[in-house]
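pasting the sequence and the predicted coordinates here, then a few questions.
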Amino acid sequence: GSLPANTTVVYNVDATTGKETLTYYNHSGTPVNWDYEIYVPIKFGYKWKTFTQEFKIHVNENAGTPAGR
């Protein structure tokens, strides 16, 4: 499905180390009140075939935020 409103996912490669990161931003300013999971399909390929693998990312509740209010 689509990302929630006011969120983005950014892919970045560190020019010095070559380390790749995928960062999820919540621009709405609302805290994470409960655990949830994000499913990200990643497509990668070779000359002979392209693969898509779905990765599950677990997001923990923000400690100290009142849940369910």
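Perfect, I can see it now.

now the closest residue to residue 42 other than its chain neighbours: how far from residue 23?
Once flanking residues are discounted, residue 42 sits nearest to residue 53: 5.5 Å by C-beta to C-beta, 6 or more residues apart in numbering. (Each C-beta comes from the backbone N, C-alpha and C, glycine too.) According to C-beta to C-beta, to the nearest Å, residue 53 and residue 23 sit 19 Å apart.

circling back: touching, the residue nearest to residue 42 and residue 41? I think so.
Yes - Residue 53 is within contact range of residue 41, at 7.4 Å (criterion: C-beta atoms under 8 Å).

which residue of the chain sits farthest from its center?
In the chain, the residue that sits farthest from the middle, by C-alpha atoms, centre = their mean, is residue 48; the gap is 28.5 Å.

next one, pLDDT for that one please.
Listed pLDDT for residue 48 reads 93.

gap between it and residue 20?
Computed as C-beta to C-beta, the residue 48 to residue 20 distance reads 23 Å.

same deal with residue 42?
To residue 20, residue 42 is 11 Å away according to C-beta to C-beta.

what residue is smack in the middle of this structure?
residue 24 (4.4 Å).

can you tell me how far that residue sits from residue 43?
18 Å.

now swap in residue 36 and tell me
Counting by C-beta to C-beta - residue 36 and residue 43 are separated by 23 Å.

when these two are compared, which one has more neighbours?
Neighbours were counted for residue 36 and for residue 43 using other C-beta atoms under 10 Å; residue 36 has more, 12 against 8.

residues contacting that one?
Neighbouring residues of residue 36 by C-beta atoms under 8 Å, 6 or more residues apart in numbering: residue 59.

stretch 14-31 - what's its average pLDDT?
When pLDDT is averaged along stretch 14-31, the result is 88.

now the end-to-end length of it.
28 Å (C-alpha to C-alpha, to the nearest Å).

again with stretch 23-30
End-to-end distance for stretch 23-30: 17 Å, by C-alpha to C-alpha.

residues in contact with that stretch: which ones?
Stretch 23-30 is touched from outside by 4-10, 12, 32, 38, 57, 59, with contacts defined as C-beta under 8 Å, 6+ apart.

quick one: buried residues of it?
Going by neighbour count (16 or more other C-beta atoms under 10 Å), nothing in stretch 23-30 comes out as buried.
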